[in-house]
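Requesting a structural model of the entry that follows:
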Amino acid sequence: MDYIKDARDAEAGALNIASIQIVCGSQTVELIGAPQGERRQRDIMAVVEAGVVPYRFGQYRDLETFRVDLMTLFEETEDRNKVLSFISKISDNNVRTSEDDGISQTMTAKIGLASFAEMPVPSPVLLRPIRTFLEVAQPEGVFLFRMRKAQTGPEAALFEIQTNWQREASIRVRDYLRKVPELQGITILA
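Now for the predicted structure:
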């Protein structure tokens, strides 16, 4: 927006609001200039990136790293809180997969001061990873939450069930930009 407001290229005659476009992606927004030349090609005048640190799905992590990732790389949801609560009850000496059918798991977890019980691992879970511009609501996704016992202690991982979150994020970015008064008259695509 600042680039358009400053209109520095307009002084040179290159910025015509009616002929430029903004193209929104899930993690980038491009300001595209007017068609030029024999082939009517457009120049990319500016690119803005979301700059978010993506969570690496499908990789097991120790519980402390997993906890920090959940708290910093995901927006708060009911299911995120369930997973955080569940892993807080797991300790190195009581991780034992008692049942695993490939989708759901049951683990031994602490339920009182000194008692343990079999508890189902909350899975699948509905989470909102931070993976697009912070100005828009993050798209939700469904994930399998899995745990395993490793030599260094318990580990947890999230496996993404494929969704089209990129398309949803692009549309949210487009809708956000369409509400910006300074961008009225510019074609905004997702």
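
going forward, measure contacts between C-alpha atoms and count neighbours the same way
Will do.

Confirm that residue 86 sits in a strand.
No - with DSSP: H, G, I helix; E, B strand; the rest coil as the criterion, residue 86 is assigned helix and is not in a strand.

show me what contacts it?
121-122 (C-alpha atoms under 8 Å, 6 or more residues apart in numbering).

And it, how close does it get to residue 41?
55 Å (C-alpha to C-alpha, to the nearest Å).

and the spatially most central residue of the chain, what are its phi and psi?
Central residue of the chain (C-alpha atoms, centre = their mean): residue 131, 2.7 Å from the mean position. Main-chain torsions, residue 131, degrees, to the nearest 10: phi -140, psi 10.

pLDDT score assigned to it?
Per-residue pLDDT puts residue 131 at 95.

thought it was touching residue 138?
Yes - between residue 131 and residue 138 a contact is recorded at 7.1 Å, counting by C-alpha atoms under 8 Å.

What is the helix ranked longest in the chain packed up against?
Ordering each helix of the chain by length in residues (DSSP state H) puts helix 165-178 first. In terms of contacts (3 or more C-alpha pairs under 8 Å, 6 or more residues apart in numbering; DSSP states H and E), helix 165-178 is packed against strand 21-24, strand 187-189.

Please enumerate residues in contact with whichever helix or strand comes after the longest one?
Heading C-terminal from strand 21-24, the first helix or strand you meet, by DSSP states H and E, is strand 28-32. When contacts are taken as C-alpha under 8 Å, 6+ apart, the neighbours of strand 28-32 outside the stretch itself are 20-24, 42-50.

Kindly report the same for stretch 172-189.
Applying C-alpha under 8 Å, 6+ apart, the external contacts of stretch 172-189 come out as 1, 4-5, 17-26, 133, 135-137, 190.

which residues pair with residue 62 across the strands?
Beta bridges link residue 62 to residue 155 when assigned by DSSP bridges.

Tell me who's in contact with it.
Taking C-alpha under 8 Å, 6+ apart, we find residue 62 in contact with 152-156.

Buried ones only from the contacts of stretch 172-189, please, as a PyMOL command.
Filtering these down to the buried ones (16 or more other C-alpha atoms under 10 Å) takes a single PyMOL command:
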select buried, resi 17+20+21+22+23+24+25+26+133+136+190
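
In stretch 67-85, which of the residues would be classed as buried?
67, 70, 73-74, 79-80, 83-84.
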